[in-house]
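A.B. asks: Let's see this in three dimensions:
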Amino acid sequence: MSGEAESREASRQRRRRERAAAVERFVGVPLADVVRENALVHLPPAAAARLRVVHPSWASHMSSPLFAVAHAAAPRRISGVFVPSAGFLPFDGDDDAVPSPSRSCGPASSELGVLSSSRGVACCFSPADDAYAVCNPATASWTAVPSPPWRSWPRPAIVVLFDTSAYNFRGDFTLVCPFESEPGSSGAYCFQVFTSGTGAWWVTDAMSPAEGLVAASGVAAGATAWWRTSIGTAVGYSPVTGRGDLVTCPGDSDQWEIGLAAGMLHCAVIDGGDVVVFRLHEHGIWEVTTRVAVAEILQPSQPPPPARATTSTEIVASQQHDESGAEEEEGSRAVVAAANAPLRLDDGVRLLGFQGAEVEVVVLAGRRLVAFDARTRRRREVAVPDEVDAAWDGAEHAAHINTLALIAPAALAAEPPLAKPPADP
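C.D. replies: Numbers count the residues shown, from 1 in each chain. This next block holds a predicted model:
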């Protein structure tokens, strides 16, 4: 045997020994321990909480800050959408439901609305008393934050940035809020930043030329806060680099929305009868990631019943139908088909913001709110309840992912500075 052949054989034997050793490490390990260490972190918070009673070791494991950090960092899909009047609409029923932030994440007298959310951490606002809070609706943990010194919208355009790295044991967060450089004009936007560590807002030196920033469109993509505008651009600001960004929406469409997938900014555009999703790369370059027909997204929510064999009695009965009965039956089938038919673009289809580990387009059509996974082609759906105003068109909303993320108490400063501090927060 040549030296090269001996080397290959030795390499194969080494790999076999390594695989055998890896198997031996798991042989004899109780299944409950395997589930505890590898599966619980991927469950929704409500489902994981129910499993605390399985064993004291499970309860201890899930009570650790390490578990909360790992749960927030685990890849998962969108849980639901916060909408006015109805609170949270979960796509997966009770397992992903959360109480209203007004009841669990702030003073009972405050009516809190969710402005934005990132990895389960939401920024809430009470217009009645101009109060702000950052909370985790799934765990009912929250902390109050001061009002930003500058604001140009009735609805603040705040975006919450939350780091899910293993080093963020406290649950520190950052808030970014744009404002017009000249009140009453919309030619350029400046940015103000708040961090839980400093407990104060400061105004940055960055400025982005843009018009018509949509306050409710904010989304966090990595360490950058983004908003779309009404003129086909997206404005971004990163507290890490201290730089503002401006990119142009791909395609020529009035119907588009920005979102997060795999940590990167994405843009969904309605192009004819399709939804086209783009991913933003460096230097403002957009790349097409998927295209899906709106008709496929809005397939009937109730599939027709499965076909069954026809009995001889039914055959005889069908032969006795007269012409009028056949026409009546045909009319009934037409009514059922019309009820189950997917909505068309002219029926009021609107894109909503989205976030998750994969591209999952969120569409509002009538009273249907549909999340469509572009990779698996699976859809999840929730009906918009009657208490939501019939005129609601999806413009006011906040996409949300339920996690067990920790919330650091904000160290509120006595007088927030208006200039950027010299040290990096």
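A.B. asks: What are the boundaries of the strands in the stretch 251-400 of the chain?
C.D. replies: With DSSP state E, counting those that start in this stretch as the criterion, the stretch 251-400 of the chain has strands at 256-261, 264-271, 274-280, 286-293, 349-352, 360-365, 368-373, 379-383, 398-400.
A.B. asks: Name every strand pairing with the fifth one and say which way it goes.
C.D. replies: Right, strand 349-352. Here strand 349-352 is paired, per DSSP bridges, with strand 360-365 (antiparallel).
A.B. asks: who touches the strand it pairs with?
C.D. replies: 77-78, 81, 259, 261, 268, 275, 277, 292, 294, 297-298, 342-343, 347-354, 369-374, 384, 393-394, 399 (CB atoms under 8 Å, 6 or more residues apart in numbering). Every residue, glycine included, has its C-beta placed from N, CA and C.
A.B. asks: Of all residues in this structure, which one is nearest the centre?
C.D. replies: Gln355 (3.2 Å; CA atoms, centre = their mean).
A.B. asks: before we move on, back to that, dump the strands of the stretch 251-400 of the chain to a markdown table, plus mean pLDDT, distance to Ala234 and mean neighbour count.
C.D. replies: What follows is the strands of the stretch 251-400 of the chain, written out as a markdown table (pLDDT from 0 to 100; distance: least, CB to CB, whole Å; neighbours: other CB atoms under 10 Å):
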| stretch | mean pLDDT | distance to Ala234 | mean neighbour count |
| --- | --- | --- | --- |
| strand 256-261 | 94 | 6 | 24 |
| strand 264-271 | 94 | 7 | 21 |
| strand 274-280 | 95 | 8 | 21 |
| strand 286-293 | 94 | 10 | 15 |
| strand 349-352 | 92 | 14 | 22 |
| strand 360-365 | 95 | 17 | 24 |
| strand 368-373 | 96 | 22 | 21 |
| strand 379-383 | 95 | 26 | 16 |
| strand 398-400 | 95 | 16 | 25 |
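A.B. asks: I'd like to know how far the residue nearest to the residue nearest to the centre of the chain when sequence neighbours are not counted sits from Phe67.
C.D. replies: Excluding its sequence neighbours, the residue lying closest to Gln355 (CB to CB, 6 or more residues apart in numbering) is Leu260, at 3.9 Å. Computed with CB to CB, to the nearest Å, the distance linking Leu260 and Phe67 is 24 Å.
A.B. asks: go on, Cys267?
C.D. replies: Taking CB to CB, one finds Cys267 at 34 Å from Phe67.
A.B. asks: what number of residues lie near Pro178?
C.D. replies: Applying other CB atoms under 10 Å, we find 32 residues neighbouring Pro178.
A.B. asks: check contacts around it.
C.D. replies: By CB under 8 Å, 6+ apart, Pro178 lies in contact with Ala157, Tyr189, Cys190, Phe191, Gln192, Ser208, Leu213, Trp227, Val235, Tyr237.
A.B. asks: in the sheet, who's paired with Ser238?
C.D. replies: Arg243.
A.B. asks: Wait, it touches Ala221, no?
C.D. replies: No. Taking contacts as CB atoms under 8 Å, Ser238 lies outside contact range of Ala221: 9.6 Å.
A.B. asks: higher neighbour count, the two?
C.D. replies: Between Ser238 and Ala221, counted using other CB under 10 Å, the more crowded position is Ala221 (24 against 19).
A.B. asks: Over to that one: give its phi and psi.
C.D. replies: Backbone geometry at Ala221, expressed as degrees, to the nearest 10, gives phi -120, psi 100.
A.B. asks: Could you do Gly353 as well?
C.D. replies: According to degrees, to the nearest 10, Gly353 has phi -60, psi 160.
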